[in-house]
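Peer 1: model this:
(chains A and B)
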Amino acid sequence: MKRLRALFGTTAVRLSALYLGLFVLCAVALVFYVTAISGNLLRAQTQEAIDAEMRFLSRAYQTGGITRLVRVVERRSRQPGAGLYTITAPNGEIIAGNVASLQPGTLDREGWTALPFRYDRYTENDDTARQHTALAQIVFLPNGMRLLVGRDLGEPELFRNLVRRALVIALAIMGFGALAIWFFVGRRALQRIDRMDQASRKIIAGDLGQRLPVGSSGDEFDRLSESLNAMIGRIEKLNEGLRQVSDNIAHDLKTPLTRLRNRAEMALAASDTVDDYRGAMEDVIGESDQLIRTFNALLMIARVEAGSAAAELQDIDLSEIVTDTVELYEPLAEDAGVTLTTAVAPSISVKGNRELVGQALANLIDNAIKYSSGLPSARIDVRLERLAEGPTITVADNGHGIPADKRAAAVQRFVRLDDSRSRPGTGLGLSLVEAVMHLHRGRLELLDGLPHEEADDLRPGLAVRMLFDG
Amino acid sequence: MKEFMKILLIEDDREASTYLVKAFRESGIAADHAADGDTGFHMASQNIYDVLVIDRMLPKRDGLSIVSELRRLGNETPVLILSALGQVDDRVTGLRAGGDDYLPKPYAFSELHARVEVLARRKVGTRESETSYRVGDLELDRLSHEVRRGGRDITLQPREFRLLEYLMRNAGQVVTRTMLLEHVWDYHFDPQTNVIDVHISRLRSKIEKDFDQPLLRTVRGAGYMIKADS
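Peer 2: The predicted model follows:
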């Protein structure tokens, strides 16, 4: 019962019910129209036949008087058929014809009977009178006698009954057909929706690996399923990223938090002088600052990845950003013993966010300085050029580089390749750059950097490319 | 001037505001406190404060609407907006609403303090319009871009000039590294490494080489300050 109600609740079934209703209405109207037309036609034919008969009888009356009329009527009355004849005496008594009795009052008025009337008639086989209806014309004869010529309406009645029965049968077939189609279409739709519903429930319950079933027909259900699947896929990916981040946060932040706690504890246990305490407190603050930086970087990546900064994209001058940022880091590089060279193509602009691009580039230069300082003849080259793919910022160094197979991993959050563990940093630099490039519809590429001048066999350094769209 | 400085702190976090009021008082700034947006707005409307420090998310009335309403009523008290939302677009919306400065949480008190001092000074608003600055025997001409100390010309790179200009405009006040990055490079991110320190030490070597008296001091745990010994 509940299923049945659900069946009627589906749009397909409701629509087909509506269509069926309209169709039945049209069919009934059509049938009524046809019967009315054919009824009129039959009536007109009947009237014509009666007219012809009346003309013949009046001619007989004119040529042979009442005697001939009675004779002709007697003869015609005996013929089988629908013809109906009556001659009455002035007192109303039937003196000739094949009618046993008439509906009272039928003969009161000359001309066409307004409505079909009832009468009893003798049939050829037996003399028992049977009730019939007929249409007739009545003529008052000069001698007070009256003549009625009519046609039985049995035939049109029969026709009408036939049509009526056909209509009922047709409607019955249509009704059953519609029910069958409902059942088939509605049930099919309902089943597919049920399957989608089940899959959705599993997804809601947390199984994001679940997908909605997609059929092979490519119909609207399949298209809907495909779109929803794509959406779920995106959610799954985001969710996966989120889980990874929270796992990593748990993992990577526990270390500095533990260190923080240990320092505070040690300060309590081992500090004697105010200076000892002060030193310990400063360490604790420094450690907290590092933690805050990590959190900020994480939040920023999340915000950039969510694309919320996209609304603020404006025309920005990349040439100026590169020049400014290089200038910001130039003294730092020099102090670290790194030669910083630049080649900046003039007036290249893109749609973007100056702050984010600046910060991304700052991260790259900062990394390059970090990983090449201390090496002999350390070099960093920063260039802005317009490549075939679009404006490109490249930061190349001749540091230790990253083996090609580990480059993809280096971009992931918190991944700090083994040889960088000992250096300060949040492990989020490249992830942020990638998120920023993603926001700018561009991408991040890690390539071989600058070669080492004195030793060719050494792995070349790292080059990081920010490829902008357009 | 410090003795008379009075600020209003509109912040709903009790613990944070208690700490801040105390810390401001210890550094010579009288701070009133309002714990929700409505109270804060009424107190700020009195127009008796040098600086308003307003948290962005407040009960009853949010920080940004307080700022824009004050501005609409013609109240020009400098406003520093505090927020847990520290991203680029948040800063933009904060400043657009009429804020003068924006500080993302968490922040060091020294950072907040330095910014409040600078804002309060801006209200008095003398140095902005001056064409030359002078600290001790160091002179900076904003029109000709000349810097001289003790009658001797000092050649600075354009960026070094702007760095010194900003320091001298706020002479006697602490400016933090992020403030320098904001005003000299127009970047609002955390520089992470000691980039600013390196620029400062270059500038310092140029203006203090061959001179006995140091002018550009490092304020431990806070930033830098340019000041002549009186």
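
Peer 1: who's in contact with residue A:103?
Peer 2: Residue A:103 sits next to A:117, A:118, A:119 when contact means Cβ atoms under 8 Å, 6 or more residues apart in numbering or on different chains. For glycine as for every other residue, the C-beta is placed from the backbone atoms N, C-alpha and C.

Peer 1: and the pLDDT for the nearest residue to the first one once chain neighbours are set aside?
Peer 2: Across the structure, with Cβ to Cβ, 6 or more residues apart in numbering or on different chains as the measure, the residue nearest residue A:117 apart from its sequence neighbours is residue A:103 (4.4 Å). The predicted structure scores residue A:103 at 75 on the pLDDT scale.

Peer 1: separation between residue A:103 and residue B:108?
Peer 2: 116 Å (Cβ to Cβ, to the nearest Å).

Peer 1: cool, and residue B:135?
Peer 2: 25 Å.

Peer 1: over to residue A:84?
Peer 2: Distance, residue A:84 to residue B:108, by Cβ to Cβ: 120 Å.

Peer 1: which of the two has more residues huddled nearby?
Peer 2: Set residue A:84 next to residue B:108 and count neighbours by other Cβ atoms under 10 Å in any protein chain shown: residue A:84 wins out with 25 against 18.

Peer 1: doesn't the more buried one belong to a strand?
Peer 2: Yes: when DSSP: H, G, I helix; E, B strand; the rest coil is applied, residue A:84 is found to be in a strand.

Peer 1: for the longest helix along chain A, packing partners?
Peer 2: For chain A, the helix with the greatest residue count under DSSP state H is helix A:11-78. For helix A:11-78, the packing partners by 3 or more Cβ pairs under 8 Å, 6 or more residues apart in numbering or on different chains; DSSP states H and E come out as helix A:2-9, strand A:83-88, strand A:94-97, strand A:130-140, strand A:146-152, helix A:154-181, helix A:187-204.

Peer 1: rerun that using 6 Å as the cut-off
Peer 2: Applying 3 or more Cβ pairs under 6 Å, 6 or more residues apart in numbering or on different chains; DSSP states H and E, we find helix A:11-78 packed against strand A:83-88, strand A:94-97, strand A:130-140, strand A:146-152, helix A:154-181.

Peer 1: can you tell me which of the ones you listed is most buried?
Peer 2: Most buried of these, by mean neighbour count (mean count of other Cβ atoms under 10 Å in any protein chain shown): strand A:146-152, with a mean of 24.

Peer 1: and that strand, how far from the chain's centre?
Peer 2: Centroid separation for strand A:146-152 versus its chain: 71 Å, with Cα atoms, centre = their mean, to the nearest Å.

Peer 1: in its sheet, what does that strand sit against?
Peer 2: strand A:83-88 (antiparallel), strand A:130-140 (antiparallel) (DSSP bridges).

Peer 1: could you tell me the least trusted of these?
Peer 2: Sorting the strands paired with strand A:146-152 by mean pLDDT places strand A:130-140 lowest, at a mean of 77.

Peer 1: now the element after the helix or strand bottoming out on mean pLDDT in chain B, going C-ward?
Peer 2: None of the helices or strands of chain B scores lower by mean pLDDT, DSSP states H and E than helix B:88-96, at a mean of 77. Of the helices and strands lying after helix B:88-96 in sequence (DSSP states H and E), the nearest is strand B:101-104.

Peer 1: hmm, who's touching that next one?
Peer 2: Strand B:101-104 is touched from outside by B:80, B:81, B:82, B:83, B:86, B:91, B:94, B:115, with contacts defined as Cβ atoms under 6 Å, 6 or more residues apart in numbering or on different chains.

Peer 1: so the fourth one sits against residue B:55, correct?
Peer 2: No: with the criterion set as Cβ atoms under 6 Å, residue B:83 and residue B:55 do not qualify as a contacting pair; they are 7.1 Å apart.
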